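K.L.:
attaching a predicted model along with its sequence, questions to come.
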Amino acid sequence: METTAIPAGTIVVGTDGSPSAERALDWAIDQALLESRQLTLAHGVDPSGSVWVDPAGVDHRAVLDALHDDAVVTLAHAREQIARRAPGLVVHEVIRMSDARVTLLELSEDAAMVIVGSRGRGPIKSLLLGSVSLAVSREARCPVLVVRPSQEGVVRNGVLVGADGSERSLGTVEFAYRQASLRQLPLTVMHCFWDARPGTEEEPVASDVRLELAESIAGLGEKFPEVQARTELVRGMADERLVRASQRMDLVVVGAHHGGTLTTLLYGSIANAVLEHATCPVAIVPEPED
């Protein structure tokens, strides 16, 4: 069921009624309001999910109807939450008879952003939604934001983005600048490098990298002058340093490359590791191939 033709550029949020999805919906409402965009509630009903029923005693059609009815109730509950928080927000609904991953990936073709929780309802659905967030972040055609649970009461230091100073990563850094601007948060641009030689980060090689990084993002500082941004050069594995820093961040942004090259696999593994272990929401931004 789709209430209307879904316009391009909406904020798409995956819904299943779980606490994780509730957190994703809260973030999606804020995101839609901050960007003055419409919101799309998406729910995938996988027909293959009912193959476990007793074929001799259960009507397959009845099972699918029950799953669809459950989806309708879930989306109706989400609409109630939206009406309380943002009564003027334009909302669309999508219920498709397909795997949630397929549904969200199809919607990502025209979406501005896809937002999902990190886990679903119950132990089995929890594993499933975990696989949904991972699969969508790997293959979506737009940025994907996974709302991971954060520890309450921790002082947060804004937005953190991993950058390598290349032209390819500028889209990811610009995405981070935009989120920092929208949410009025400071931004940290972190570049991680591995150098087996002993020494400090102030060695000439590190100084050169710091200069290159600063030069590569200088234009973004001019485009978003309201953002308090700083660069940070750290020695070590990128995924480990980003995960460690996530403990004090509101949002971590990383780029991911789709494809089969060695570079793609390397950067994809970094994104996956951050997504799995970060202790705050994580945005995965697709980056172009070399």
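P.N.:
Noted; the coordinates are in hand.
K.L.:
ranking helices and strands of this structure by mean pLDDT, which lands last?
P.N.:
helix 122-139 (a mean of 65; mean pLDDT, DSSP states H and E).
K.L.:
need the helices for this structure, in chain order.
P.N.:
Secondary structure of the chain (DSSP state H): helices at 19-35, 60-85, 100-108, 122-139, 170-183, 204-216, 218-223, 238-246, 262-277.
K.L.:
in this structure residue 192 contacts residue 231, no?
P.N.:
No. Here residue 192 does not reach residue 231: they are 12.0 Å apart, not a contact under Cβ atoms under 8 Å. Yep, even glycine has a C-beta here, placed from its N, CA and C like the rest.
K.L.:
rewinding a little: and among the helices of the chain, the most buried is which?
P.N.:
helix 100-108 (a mean of 22; mean count of other Cβ atoms under 10 Å).
K.L.:
what's that helix in contact with?
P.N.:
Residues outside helix 100-108 that contact it (Cβ atoms under 8 Å, 6 or more residues apart in numbering): 6, 12, 14, 16, 40, 42-44, 46, 94, 96, 114, 116, 128-129, 131-132, 135-136, 139-142, 144.
K.L.:
buried among these? Need that as a selection in PyMOL.
P.N.:
Of the contacts of helix 100-108, the buried ones go into a single PyMOL selection, burial set by 16 or more other Cβ atoms under 10 Å:
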select buried, resi 6+12+14+16+40+42+43+44+46+94+96+114+116+128+129+132+135+136+140+142+144
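K.L.:
low-confidence ranges in the stretch 151-290 of the chain?
P.N.:
153, 195-206, 257-268, 289-290 (pLDDT under 70).
K.L.:
could you find the closest non-adjacent residue to residue 161?
P.N.:
Sequence neighbours aside, residue 176 is the residue nearest to residue 161 in space, at 3.5 Å (criterion: Cβ to Cβ, 6 or more residues apart in numbering).
K.L.:
my read: the one you found touches residue 169, true?
P.N.:
No. Taking contacts as Cβ under 8 Å, residue 176 lies outside contact range of residue 169: 10.2 Å.
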